[in-house]
Each structure stands twice: as C-alpha cells, then as structure tokens.
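# no sequence on hand, only this structure:
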C-alpha cells in the first residue's frame, strides 16, 4: 500500500502512483485522511466508526476511498 505505510499492505486496484500519500487524523469517532500529491493536499476523505475503535480498519477504509478518489481524479485530468 503506497498511500499509507501504517496500514496493512494491499493489492486492491487501483493502486495509487508513488507521489500520492495520505495522513490520518482522528477526532472522536471520525477518522479523516488528507490525500496528498507530492505533499500538496488534494482532498480529504473521512469515515465514522461509531461501533468500532479499530484504527487499522479505519485506515484501510480510508486508503480504499482515497485510491478510488485518486483514480477518478487522474481519469478526469488525463485529457487536459
């Protein structure tokens, strides 16, 4: 997983290009990830886990959302 070294490795597609990363923050039951391209924040994604305090599961869910957002972003900007 090239987005988040603290979460488990994944082979889920689409994999993000190496210049993309994410930083995860927690506030109560909400986990938020800043999705960055070359250290510039491009978007934020979040999940709320009211019945689960598992940070690793939250990071994995955020990484999946981030990968899908990055894939969509790259497809939209490819023709520019």
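That came in fine, so what should we check first? Worth saying up front: this structure is predicted, and the values here are computed from it rather than measured.

# can you pull out the strands in the chain?
Using DSSP state E, the strands of the chain run over residues 20-27, 30-37, 40-48.

# highest average neighbour count across these?
Of all the strands of the chain, strand 30-37 carries the top mean neighbour count, a mean of 18, counting by mean count of other C-beta atoms under 10 Å. C-beta here means a position set from N, CA and C on the backbone, and glycine is covered the same way.

# and that strand, what does it pack against?
strand 20-27, strand 40-48, helix 55-77 (3 or more C-beta pairs under 8 Å, 6 or more residues apart in numbering; DSSP states H and E).

# I'd like those laid out as JSON lines, including mean pLDDT and distance to residue 13.
Conversion of the helices and strands packed on strand 30-37 to JSON lines gives the following (pLDDT from 0 to 100; distance: least, C-beta to C-beta, whole Å):
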{"stretch": "strand 20-27", "mean pLDDT": "93", "distance to residue 13": "14"}
{"stretch": "strand 40-48", "mean pLDDT": "96", "distance to residue 13": "18"}
{"stretch": "helix 55-77", "mean pLDDT": "90", "distance to residue 13": "8"}
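
# that older thread, got the strands of the chain as TSV, with distance to residue 57 columns?
Conversion of the strands of the chain to TSV gives the following (distance: least, C-beta to C-beta, whole Å):
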stretch	distance to residue 57
strand 20-27	12
strand 30-37	9
strand 40-48	9
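
# quick check: which of those strands is nearest to residue 63?
Using C-beta to C-beta as the measure, strand 20-27 is the one of the strands of the chain that comes nearest residue 63, at 6.7 Å.

# list the contacts for residue 55?
Neighbouring residues of residue 55 by C-beta atoms under 8 Å, 6 or more residues apart in numbering: 24, 26, 31.

# also residue 52?
residue 58.

# switch to 10 Å and redo it
By C-beta atoms under 10 Å, 6 or more residues apart in numbering, the contact list for residue 52 reads 29, 58, 61.
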